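Participant: Got a predicted model here, sequence first, then my questions.
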Amino acid sequence: MAVVRIVCCLLAISLAALAQPAVTVDQLVSFVKSSVQARQDDKKIAEEVQKIKLRNRLDAKTVQEIQRMGAGAKTVAALQKLSEASASLPDAAPATVAAPAVIPPPPAAELKTILAEIQENALNYTKNLPNYICSQYTKRHVDPSGTESWRLADTVLEQLNFVDQKENYIVKMVDDKPVTNNLTHEKLGGAKSSGEFGSILHTIFDPATQTEFTWERWTSLRGQDNKLRTNYVFAFRVTQPRYGISHETSKRTVTVGFHGLIFADRDTKSVMRVQMECDNIPPDFPIQSVKLILWYDIIDIAGQNFVLPLQSEIRSREGKFLAWNEVSYHSYHKYSADASISFGPPDEIPPDKLKEEPVKKKQ
């Protein structure tokens with residue numbers, strides 16, 4: 001849990017810096033950006049923004065730039081009020097939010113080869129994995145108001161066995177208490193998902209899916225030893241119905257298209273992140289929005305490195321009711337009949353492992 005304490009400490013320092021009589025727009029931008037990157041709660045960031053007094057004018061363009069950084073709806077609303085309140089103040093320096101230098105993409109012929117290598121790795125992803133055991137820790141948040149005022153509904157700790165390319169889940173703890181009633185993954189109720197890490201890659205890259213890929217940008221992600229690694233980012237769109245959504249109460253299921261981004265390591269051509277959002281969900285289906293992010297990492301199992309799940313998030317909306325699951329993976333071991341791992345609430349995934357960082361130059 002040391003990481004959580006460090007993040008909270010850094011946030012406290014940022015807040016202390018903003019507790020002066022008045023701050024500049026540059027300081028405000030820096031605070032919101034660092035808070036978003038540290039994955040702080042939107043409501044808490046907005047509350048701090050509401051306390052701020054500015055020295056110079058916050059214009060609408062800067063608010064839009066901050067929103068593009070990932071600021072939530074509550075934070076943006078607070079910024080808009082701050083912008084109105086600062087209308088009579090002097091203008092801020094014009095270069096408040098500097099756009100990163102654009103690095104050109106690889107040539108078209110090279111891009112085609114790169115995508116072919118990424119596709120081959122993705123289609124063989126599950127086949128190349130060893131039999132392993134790990135713990136899967138899920139934090140399930142809900143918001144009945146639809147305003148992203150989240151509350152933690154429960155936590156679920158499961159043992160995940162991956163054997164012969166198949167997954168098996170054993171529920172071990174709910175709300176940090178041991179389960180003694182043979183509760184299964186299927187009977188957990190509420191929002192849940194499983195098996196996304198292999199199946200979604202196969203679906204996206206299966207030639208029959210006819211996925212459309214376009215170059216998006218370069219970026220950096222933190223890999224092994226916390227070192228930054230250059231990644232390709234491609235936008236993709238699946239127009240055919242390929243992603244299934246089930247509604248437990250009504251027993252209804254729909255299959256829809258989706259779009260998003262894939263991040264692939266420049267050196268290994270392995271997919272290290274997938275972001276996606278479902279499209280064209282029927283208007284009469286209870287669930288009206290589904291968004292998914294999958295993070296992968298390089299994991300050592302028995303002296304060999306494999307690309308394996310690090311964390312995932314799935315968000316859905318049913319009417320006003322919002323659901324948000326954070327799933328993290330820990331304690332990877334080689335599978336054997338008598339394999340076991342220690343169970344308990346795991347440490348948080350370091351925020352730096354989950355965020356993008358700009359590529360200053362292509363090496």
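Facilitator: Received the coordinates, thanks.
Participant: what residues are up against the most centrally placed residue in the chain?
Facilitator: Geometric centre of the chain, nearest residue: Ile293, 4.2 Å, by C-alpha atoms, centre = their mean. Applying C-beta atoms under 8 Å, 6 or more residues apart in numbering to Ile293 gives the contacts 273-276, 312-314. Where you see a C-beta, it was placed from the backbone N, CA and C, and this is true even at glycine.
Participant: Recalculate using a threshold of 10 Å.
Facilitator: Ile293 makes contact with 260-261, 273-277, 311-315, 326, 354 under the criterion C-beta atoms under 10 Å, 6 or more residues apart in numbering.
Participant: Start from the N-terminal end of the stretch 51-200 of the chain and give the strands.
Facilitator: 132-143, 151-163, 166-174, 177-178 (DSSP state E, counting those that start in this stretch).
Participant: Could you identify which of those is most buried?
Facilitator: Stretch with highest mean neighbour count among the strands of the stretch 51-200 of the chain: strand 132-143 (a mean of 20; mean count of other C-beta atoms under 10 Å).
Participant: Report the distance from that one to the chain centre.
Facilitator: Mean-position distance between strand 132-143 and its chain equals 14 Å (C-alpha atoms, centre = their mean, to the nearest Å).
Participant: now swap in stretch 151-164 and tell me
Facilitator: 17 Å.
Participant: Quickly list the domain ranges of this protein.
Facilitator: If you go by automatic domain parsing, the domain ranges for the chain are 2-85, 108-353.
Participant: Kindly reformat the ones you listed as CSV containing mean pLDDT.
Facilitator: Formatted as CSV, these follow (pLDDT from 0 to 100):
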stretch, mean pLDDT
domain 2-85, 74
domain 108-353, 91
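Participant: Redo the ones you listed as a markdown table? Include distance to Asp91.
Facilitator: Below are the domains of the chain laid out as a markdown table (distance: least, C-beta to C-beta, whole Å):
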| stretch | distance to Asp91 |
| --- | --- |
| domain 2-85 | 5 |
| domain 108-353 | 30 |
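Participant: Of the ones you listed, which is nearest Val359?
Facilitator: Of all these, it is domain 108-353 that lies closest to Val359, at 4.4 Å by C-beta to C-beta.
Participant: what's the single longest strand in this structure?
Facilitator: strand 228-247 (DSSP state E).
Participant: looking at it, Lys355 is touching Leu221, isn't it?
Facilitator: Yes: Lys355 is within contact range of Leu221, at 8.2 Å (criterion: C-beta atoms under 10 Å).
Participant: The two: who's more crowded?
Facilitator: Between Lys355 and Leu221, Leu221 has the larger neighbour count (other C-beta atoms under 10 Å), namely 23 against 16.
Participant: so what does the strand or helix carrying the more buried one touch, helix or strand wise?
Facilitator: In the assignment (DSSP states H and E), Leu221 maps to strand 212-222. Other elements packing on strand 212-222 under the criterion 3 or more C-beta pairs under 10 Å, 6 or more residues apart in numbering; DSSP states H and E are helix 108-123, strand 228-247, strand 252-265, strand 271-279, strand 289-301.
Participant: give the contact list for the spatially closest residue to Arg140 that is not a sequence neighbour.
Facilitator: Leaving aside its sequence neighbours, Arg140 sits nearest to Ala153 (C-beta to C-beta, 6 or more residues apart in numbering; 4.7 Å). Counting by C-beta under 10 Å, 6+ apart, Ala153 touches 139-143, 175, 190-191, 323-325.
Participant: now Ile103: how far from Arg217?
Facilitator: Distance of Ile103 to Arg217, given as C-beta to C-beta, to the nearest Å: 8 Å.
Participant: For these two, indicate the residue with more neighbours.
Facilitator: Arg217 (18 against 14).
Participant: List the residues that contact the closest residue to that one other than its chain neighbours.
Facilitator: Spatial nearest neighbour of Arg217, excluding adjacent residues (C-beta to C-beta, 6+ apart): Val233 at 4.9 Å. Contact analysis of Val233 by C-beta under 10 Å, 6+ apart lists 105, 215-219, 221, 261-264, 273, 275, 356.
Participant: between the residues you listed, which is closest to Arg55?
Facilitator: Glu356 (30.5 Å).
Participant: Quick check, the closest one in contact with Asn231.
Facilitator: Yes: when contacts are counted by C-beta under 10 Å, Glu356 is listed as touching Asn231 (8.4 Å).
Participant: Which of the two has more residues huddled nearby?
Facilitator: Set Glu356 next to Asn231 and count neighbours by other C-beta under 10 Å: Asn231 wins out with 23 against 16.
Participant: Give me the nearest residue to the more buried one, chain neighbours excluded.
Facilitator: Per C-beta to C-beta, 6+ apart, closest to Asn231 is Phe263, 4.6 Å.
Participant: what's the neighbour count on that neighbour?
Facilitator: Neighbour count of Phe263, defined by other C-beta under 10 Å: 23.
Participant: same question, the one 4 residues further on
Facilitator: Counted with other C-beta under 10 Å, the neighbours of Asp267 add up to 10.
Participant: Contact partners for Val307?
Facilitator: So Val307 contacts 121, 125, 128-129, 197, 201, 265, 268, 270-272, 296-299 (C-beta under 10 Å, 6+ apart).
Participant: Return the member of those nearest to Ser250.
Facilitator: Set against Ser250, the nearest of those by C-beta to C-beta is Phe197 (27.4 Å).
Participant: Can you say which helix or strand has the spatially closest residue to the closest one that is not a sequence neighbour in it?
Facilitator: In space, and not counting its chain neighbours, Phe197 is closest to Pro309: 4.8 Å by C-beta to C-beta, 6+ apart. Assigned by DSSP H and E, Pro309 falls within strand 304-318.
Participant: same for the following helix or strand past that strand, what does it pack against?
Facilitator: Counting by DSSP H and E, the next helix or strand C-terminal to strand 304-318 is strand 321-334. Here strand 321-334 touches strand 132-143, strand 151-163, strand 289-301, strand 304-318, going by 3+ C-beta pairs under 10 Å, 6+ apart.
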